[in-house]
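[1] What follows is a protein structure lacking sequence information:
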């Protein structure tokens, strides 16, 4: 089977890698892909933008592609699944109506409230003055979110009301374009965040292994938020008994609520959770696609062929599929970023040592890279994700850093404390 993946980040490289481990998959095309998907056997980059729905459909027809997997949220929110399905193409990824669960935080909040899913108390505003007046009656810390897609940069955890007001003014002032013309202001939740990526056929929903990522740029979880600086799985913060609660209190009610709204949601439902000090889960946000870098930590542990999982979702036979099979191991992924990220950063610097990193047992997933004259160079803020597996977290983390030590490019930056939460609780 030939598969086409839409996207160009670390998530898409990981999905291509995971699919090619299946005996059923002969080739993976990636549109537009990156420097990693350009250089490995059985991969092929296709120079198409993720928004070029007609070009992607034409590529599917000409290349004999049998399955399309949508990586990022933007094309899902723009209706790529509906477009391709209209041409009889099998697509893994929810339709435009379902993608609202990520594309509109206000819509997702209303769905959670109506379904009784635990989440922070919130209020929605379409006028800056009203939002600011509301904030003046609240106490900090408090959270301000742009309603729409803002490339992971639309959330401010404000430590003061003044900071929250500034975030509201920035949103309505155009910082996030149309995505910021409605804001959600919500209660600050205390606890540890965890990511539960689940797959669903619109009726049945099954979680993958729980993961935990590191959003902030600085060690000790300090500094600006990023797309994610590292992850590990399966996180002990979500033990089996808590996962059973997440299934019953979060995942199943969400799918049922969408079905009640006549939304046929098939694909990934990613629950970003806050686990309270008492061990209770609340939903921080839902996403309609795999997490990045969480999927780079989860996929190396999956033994069930990934294409079989996706097809079971598309064909609405997930309930008939045997339980997912997992390795008895731990993984850690450390992200190597360009200097200056998440602010301004350089591009075009040559990357060396990736073969040595893989010789040391790492899996090098490319994110912000491209190929130039046979060389792979930096082309984004988060450049690489280096993943390793071990018998336990100590081993997995050590292996990931040992592999990453072989890699060099100008200004390389990575956190050296990935996994610090579990290393403290599980020394």
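    Looks like it arrived, so ask away. None of the values given here were measured: they were computed from a predicted structure. Residues are numbered from 1 along each chain as shown.

[2] Can you classify the most centrally placed residue in the chain as helix, strand or coil?
    In the chain, the centroid-proximal residue (Cα atoms, centre = their mean) is residue 291; its distance is 1.6 Å. Classification of residue 291 using DSSP: H, G, I helix; E, B strand; the rest coil returns coil.

[3] Which pLDDT value does the model give it?
    Per-residue pLDDT puts residue 291 at 95.

[4] Kindly report the same for residue 38.
    84.

[5] number of nearby residues for it?
    Counted with other Cβ atoms under 10 Å, the neighbours of residue 38 add up to 17. No exception for glycine: its C-beta is placed from N, CA and C like everyone else's.

[6] Distance check, it against residue 377.
    11 Å (Cβ to Cβ, to the nearest Å).

[7] same thing with residue 57?
    On the measure of Cβ to Cβ, residue 57 and residue 377 end up 31 Å apart.

[8] Please, where are all the strands along the stretch 51-200 of the chain?
    Along the stretch 51-200 of the chain, the stretches classed as strands by DSSP state E, counting those that start in this stretch are 67-70, 91-92, 122-125, 142-146, 155-158, 183-187, 192-200.

[9] typo on my end, the stretch 251-400 of the chain
    267-275, 281-287, 330-337, 363-366, 369-372, 375-378, 382-390.

[10] relative to strand 382-390, how tilted is the third one?
    In other words, strand 330-337. 160 degrees (axes from the mean of the first three to the mean of the last three Cα atoms, to 10 degrees).

[11] gap between stretch 65-80 and the chain center?
    14 Å (Cα atoms, centre = their mean, to the nearest Å).

[12] Kindly report the same for stretch 355-375.
    Centroid displacement of stretch 355-375 relative to its chain, using Cα atoms, centre = their mean, is 21 Å.

[13] for the record, mean pLDDT for that stretch?
    95.

[14] Packing partners of the helix or strand harbouring residue 3?
    Applying DSSP states H and E as the criterion places residue 3 in strand 2-7. Contact here means 3 or more Cβ pairs under 8 Å, 6 or more residues apart in numbering; DSSP states H and E; on that basis strand 2-7 packs against helix 10-20, strand 27-32, helix 53-63, strand 67-70.

[15] Quick one: mean pLDDT over the shortest one.
    So the one you mean is strand 67-70. pLDDT averaged over strand 67-70 gives 98.

[16] Can you report how many residues neighbour residue 204?
    When neighbours are counted by other Cβ under 10 Å, residue 204 registers 17.

[17] so who does it touch?
    Shown in contact with residue 204 (Cβ atoms under 8 Å, 6 or more residues apart in numbering): 318-319.

[18] how close does it sit to residue 392?
    Residue 204 sits 32 Å away from residue 392, going by Cβ to Cβ.

[19] How about the contacts made by the nearest residue to residue 170 once chain neighbours are set aside?
    Excluding the flanking residues, the one nearest residue 170 by Cβ to Cβ, 6 or more residues apart in numbering is residue 180, at 7.5 Å. Neighbouring residues of residue 180 by Cβ under 8 Å, 6+ apart: 146-148, 150, 154, 170-172, 174.

[20] Identify, from those residues, the entry nearest to residue 285.
    residue 154 (10.5 Å; Cβ to Cβ).

[21] what are the phi and psi angles of the closest one?
    The phi/psi pair for residue 154 (degrees, to the nearest 10) reads phi -90, psi 10.

[22] Which residue is the nearest non-sequential neighbour of it?
    residue 146 is the one closest to residue 154 (Cβ to Cβ, 6+ apart), at 3.3 Å.

[23] what about the one you found, how many neighbours?
    26.

[24] Same check on the one 10 residues further on?
    For residue 156, the number of neighbouring residues by other Cβ under 10 Å comes to 20.

[25] what's the distance between it and residue 65?
    Distance of residue 156 to residue 65, computed by Cβ to Cβ: 41 Å.

[26] any low-confidence regions in this protein?
    424-427 (pLDDT under 70).

[27] Which segments of it make up each domain?
    2-95, 127-181, 192-320, 330-425 (automatic domain parsing).

[28] and residue 119, which of these is closest to it?
    Comparing those by Cβ to Cβ, domain 192-320 comes nearest, at 4.5 Å.

[29] can you give me the end-to-end distance of the closest one?
    Domain 192-320 has an end-to-end distance of 34 Å (Cα to Cα, to the nearest Å).

[30] do stretch 38-57 as well
    By Cα to Cα, one end of stretch 38-57 lies 21 Å from the other end.

[31] Now do that stretch: everything it contacts.
    4, 6-8, 16, 20, 26-34, 37, 59, 68, 72, 74-75, 78-80, 83-84, 87, 89, 370-371, 376.

[32] for stretch 413-427, same thing?
    Under Cβ under 8 Å, 6+ apart, the answer for stretch 413-427 is 192, 212, 214, 217-220, 229-232, 235-237, 332-339, 341, 393-394, 397, 400-401, 404.

[33] just to revisit the earlier point, output the strands of the stretch 251-400 of the chain in TSV; the columns should cover distance to residue 411.
    Below are these laid out as TSV (distance: least, Cβ to Cβ, whole Å):
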stretch	distance to residue 411
strand 267-275	30
strand 281-287	30
strand 330-337	9
strand 363-366	17
strand 369-372	14
strand 375-378	8
strand 382-390	10
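
[34] For the ones you listed, give me TSV that also has mean neighbour count and distance to residue 111.
    Formatted as TSV, these follow (neighbours: other Cβ atoms under 10 Å; distance: least, Cβ to Cβ, whole Å):
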stretch	mean neighbour count	distance to residue 111
strand 267-275	24	12
strand 281-287	21	8
strand 330-337	28	30
strand 363-366	26	32
strand 369-372	20	37
strand 375-378	20	39
strand 382-390	27	30
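
[35] Of all the ones you listed, which one is nearest residue 348?
    Of all those, strand 375-378 comes closest under Cβ to Cβ, at 5.2 Å.

[36] Can you point out the buried residues in stretch 247-258?
    Neighbour counts over stretch 247-258 (16 or more other Cβ atoms under 10 Å) mark 247, 249-255, 257-258 as buried.

[37] And stretch 310-327, by the same measure?
    310-314, 318, 321, 324.

[38] Likewise for stretch 415-425?
    Buried residues in stretch 415-425 (16+ other Cβ under 10 Å): 415, 417-422.
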